[in-house]
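In: Pasted the sequence and its predicted model underneath.
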Amino acid sequence: MPIAVLLLCLAPSISWAQTSAPLTVEHAVALAVEHHPLLQAATYEVAAAQAGVLSARALTNPDILFTPGITSPSGSDEELLVQQPLEVNGVRSARTGAARARLRHAQAQAVGELRDLVFETKAAYFDLTRARESRSLAQDVLGTTEELDRGVRRQVEEGLKAGVDQLQTGVEMSRARQQLMLAEGQVKTVQAKLNTLMGRSPEEPVGALAPLTFEPVVMDRETILQQALAARADIAAEAALQQAFLEEARLSRAQGRPDLVPQVRAESVVRGLHGVGLGLGISLPLLDYGSRRNRIRQAEALANAQEAQIAAVRSQVRQEVEQALARIAAAEAVIREYQQGVLEQAARLRDAALKGFQLGAPGTSVLTVLEAQRTYRSVQTEYTNALADHAAARAELERATGAVSVEGLLVAANGSDRSDGSDRSDRHDRLGGPR
């Protein structure tokens, strides 16, 4: 379990705002899991499904018919009739099976919601890191351009450069300011999204973030695909729904079979207890005008539809895994290419062009400096984008394969509902299901 999640499990009242350490992606995920309303809703949905199982396991309530006589003789043979269906025809078993399938479906959906939230939070975190890197680069470029503009202005005033050079630096400086404003806007946009996912106010400041790092992924395509097909919660959810339809068909069949109904009768209760006796009834649901028969057909047709739905989801899982692997491979290729010297070469090119221009080296014009700076900015931006894309693709692969660990996160999601924490493990069990 990540350290940040463990801290939330032990002390859910501790928030990132109370610490000075950088906000890690694991801590951002833990905050989102703890506060996001969708997971809280999923918790209640699973609790409702568990209550449904308990209800289905119980015997049908007894029928109590009390008909006190108003006249003498009374209008009925007995004033009290109590009868209890035993459901020996399989009704209770089928009803319980359907409820348990619905519970597995709710649990799988909860796990799916959790994994989607983890992915969205990680993606927003990496997007914010990317946006901040872009803003820092835009600030750096603007500073360099302003320095170049001041140097050109002095040379123009001294008659060493033509006025067109100052126009060129002025235009470039305006473009650099625009790039910085766009970067600032992107930072605010992504920050609002991350704050919202973490359950905070959209405009609340976010402190330092952990820098983007490159960790190559060992990709065994077949193993990863098999893991995804075995672990994905949405496949389990569709399979559970199919089982629920099959159990509903079994329930309708059971309702057409006879059942035993023990009875207690009393001829008189109001004027004294008389004529008390025991009886055993047998229900004979022989007649069916099509209601039960068509309910069976409906449930079986829905179960067959789920078979196709499961196949479609499995195909979707394969597609998502392939897409994530392709994005990871592409990002890793770009990162390695830049790390093999392109980053250093772009920085050296810019520094050399700027220094040569400042020293008045032959063949070093304003256009040369500006072109070198544009190259440097493009290379840095592309490298940052590749790092962020690689991190996001790894998170996407985690979601596609169902590799996100849910045990500790589910405890964090429900750990702060009650102050004493006494029901954490119980609620963790409620949200069990597919891992």
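Out: Happy to help now that I have it.

In: and the next element down the chain from the helix or strand of the chain with the lowest mean pLDDT?
Out: None of the helices or strands of the chain scores lower by mean pLDDT, DSSP states H and E than helix 3-10, at a mean of 32. Following helix 3-10 in sequence order, the next helix or strand is helix 25-35 (DSSP states H and E).

In: just checking, what packs against that next one?
Out: Applying 3 or more CB pairs under 8 Å, 6 or more residues apart in numbering; DSSP states H and E, one finds that helix 25-35 contacts helix 3-10, helix 91-157, helix 163-197, helix 407-414. Where you see a C-beta, it was placed from the backbone N, CA and C, and this is true even at glycine.

In: chain center to that helix, what's the gap?
Out: Centroid separation for helix 25-35 versus its chain: 12 Å, with CA atoms, centre = their mean, to the nearest Å.

In: Quick one: name whatever helix or strand follows it.
Out: Downstream of helix 25-35, the next assigned helix or strand under DSSP H and E is helix 37-57.

In: Mind giving me the packing neighbours of the very next helix or strand once past that next one?
Out: Per DSSP H and E, the first helix or strand lying C-terminal to helix 37-57 is strand 63-66. Here strand 63-66 touches strand 80-83, going by 3+ CB pairs under 8 Å, 6+ apart.

In: Quick one: list the elements packing against the strand it packs on.
Out: With contacts defined as 3+ CB pairs under 8 Å, 6+ apart, strand 80-83 has these neighbours: strand 63-66, strand 259-266.

In: what are the pairing partners of it, and which direction each?
Out: Sheet pairing for strand 80-83, assigned by DSSP bridges, gives strand 63-66 (antiparallel), strand 259-266 (antiparallel).

In: now it, how far from the chain's geometric center?
Out: On CA atoms, centre = their mean, the centre of strand 80-83 falls 52 Å from that of its chain.

In: Could the C-alpha coordinates of it be exported in PDB?
Out: Backbone C-alpha positions of strand 80-83 (Å, rounded to 0.1, in the frame of the first residue of the first chain) are rendered in PDB as follows:
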ATOM      1  CA  LEU A  80     -57.800 -16.000  12.700                       C
ATOM      2  CA  LEU A  81     -55.700 -17.600  10.000                       C
ATOM      3  CA  VAL A  82     -51.900 -17.600  10.100                       C
ATOM      4  CA  GLN A  83     -50.100 -19.300   7.200                       C
END
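
In: quick one on the thing from earlier: ranking the helices and strands packed on strand 80-83 by mean neighbour count, which comes first?
Out: By mean neighbour count, with neighbours taken as mean count of other CB atoms under 10 Å, strand 259-266 ranks first of these at a mean of 16.

In: Alpha carbons of the helix or strand following it, in CSV - could you do that?
Out: Going down the chain from strand 259-266, the next helix or strand is strand 277-283, by DSSP H and E. Coordinates of each C-alpha in strand 277-283 appear next as CSV, following Å, rounded to 0.1, in the frame of the first residue of the first chain:
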residue,chain,number,x,y,z
GLY,A,277,-56.1,-26.2,15.0
LEU,A,278,-53.1,-26.8,12.8
GLY,A,279,-53.3,-27.3,9.1
LEU,A,280,-51.0,-27.9,6.1
GLY,A,281,-51.8,-26.3,2.9
ILE,A,282,-50.3,-26.9,-0.5
SER,A,283,-50.2,-24.1,-3.0
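
In: helices or strands up against strand 277-283?
Out: Applying 3+ CB pairs under 8 Å, 6+ apart, one finds that strand 277-283 makes contact with strand 259-266.

In: now the angle between strand 277-283 and the strand it packs on, please.
Out: Using axes from the mean of the first three to the mean of the last three CA atoms, to 10 degrees, the inter-axis angle of strand 259-266 relative to strand 277-283 is 150 degrees.

In: Surely E203 is in a strand?
Out: No. E203: not assigned to a strand; according to DSSP: H, G, I helix; E, B strand; the rest coil it is coil.

In: is it true that T67 touches R265?
Out: No. Between T67 and R265 there is no contact under CB atoms under 8 Å: 11.4 Å.

In: Overlap in contacts, the two.
Out: Residues touching both T67 and R265 comprise 78, 80-81, with contact defined as CB atoms under 8 Å, 6 or more residues apart in numbering.

In: List the contacts of A353.
Out: For A353, the contact set (CB under 8 Å, 6+ apart) comprises 364, 368-369, 371-373.

In: Roughly how far does it sit from T144?
Out: Plainly put, A353 is 11 Å away from T144 if you go by CB to CB, to the nearest Å.

In: where do the contact lists of those two overlap?
Out: Shared contacts of A353 and T144, defined by CB under 8 Å, 6+ apart, are found at Q373.

In: Tell me where the model's unsure across the stretch 51-200 of the chain.
Out: 70-76, 160-161 (pLDDT under 70).

In: ok, now with 80
Out: Within the stretch 51-200 of the chain, the stretches with pLDDT under 80 are 69-78, 152, 155-166.
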